[in-house]
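Student: When you get a sec, could you give me coordinates for this:
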Amino acid sequence: MKHFSELSGAAERVVDVAEVLIQQAGYNGFSYDDVARQVGIKKPSIHHHFPTKADLVAVVAQRYTHRFRQELLGIEGKHAKAAQRLTAYAALFEATYAQDQRLCVCGMLGAEAQGLPPEVRQEVNYFFAANLEWLTHVFASGAAQGGLRLSTTPQAHAQLFLCALEGAMVVGRGGTPTMGPAMVGESLISLMLA
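Tutor: Alright, predicted model coming up:
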């Protein structure tokens with residue numbers, strides 16, 4: 001599998017389009033024809049860069065995870081307190097959702113996990129593992145500093161927070177009036193403030 005950092009400009013355009021298509025329709029909701037049409041190239045050109053759809057989607061998920069981890073580092077650099085970090089984290093989901101109700105790439109792929117090729121499933125697992133590890137650390141440090149009151153383990157709070165944000169996007173897209181990921185995050189944070 002290619003690493004996203006090794007992509008040519010043409011391959012990066014393919015990945016950009018595939019990312020949006022995944023956010024809108026999932027793994028099984030788009031084809032190389034869809035990508036070719038939107039990029040303005042012929043389908044064999046996509047196969048030149050990504051022999052299989054699994055290769056393409058694995059790179060999309062890999063790059064998405066990398067970008068998300070960069071955002072997490074940025075949050076750490078801007079915010080010292082756990083509650084502020086959690087608010088900024090929820091804002092990442094809000095920013096994605098604000099773009100035509102797009103869903104998190106790995107959240108969308110996670111919904112299809114049982115039918116995904118192993119290399120794609122592995123990249124999706126990396127995304128969730130990285131997020132849960134980061135959130136667990138934030139909750140643990142927030143409790144240790146006295147800023148957050150936890151009713152259970154930091155790991156359980158991390159799981160709850162991530163699931164609530166991903167779920168807010170799905171429920172909102174389902175047509176049910178929703179508060180959106182940012183407001184859901186704020187509601188949860190307010191319940192934990194010490």
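
Student: Touching, residue 189 and residue 86? I think so.
Tutor: Yes. Using CB atoms under 8 Å, residue 189 is in contact with residue 86, at 5.3 Å. C-beta coordinates here come from the backbone N, C-alpha and C atoms, glycine included.

Student: of the two, who's got more company?
Tutor: The neighbour count for residue 189 versus residue 86, taken as other CB atoms under 10 Å, is higher for residue 86 (25 against 20).

Student: Sticking with the more buried one, tell me its helix or strand.
Tutor: helix 82-97 (DSSP states H and E).

Student: what is the rounded mean pLDDT of that helix?
Tutor: Averaging pLDDT along helix 82-97 gives 97.

Student: Give me the residues contacting that helix.
Tutor: Residues outside helix 82-97 that contact it (CB atoms under 8 Å, 6 or more residues apart in numbering) are 23, 68, 71-72, 75-76, 78-79, 102-104, 135, 138-139, 141-143, 145, 147-148, 161, 165-166, 168-169, 172, 180-182, 184-186, 188-189, 192-193.

Student: Of those residues, keep whichever come out buried.
Tutor: Of the members of these, the ones counted as buried by neighbours, 16 or more other CB atoms under 10 Å, are 23, 68, 72, 75, 79, 102-104, 135, 138-139, 141-143, 147-148, 161, 165-166, 168-169, 172, 180-182, 184-186, 188-189, 192.

Student: Which ones among those lie within helices?
Tutor: 23, 68, 72, 75, 135, 138-139, 141-143, 161, 165-166, 168-169, 172, 180-182, 184-186, 188-189, 192 (DSSP state H).

Student: Now stretch 48-64: average pLDDT?
Tutor: Mean predicted lDDT for stretch 48-64 stands at 97.

Student: I meant to write stretch 150-161 there.
Tutor: On average, stretch 150-161 scores 98.

Student: List the buried residues in it.
Tutor: 154, 157, 158, 159, 161.

Student: Pull the residues that contact it.
Tutor: Under the criterion CB under 8 Å, 6+ apart, residues 86, 89, 131-132, 135-140, 142-143, 185, 188, 192 lie in contact with stretch 150-161.

Student: From the residues you listed, pick the one nearest residue 62.
Tutor: residue 131 (14.6 Å; CB to CB).
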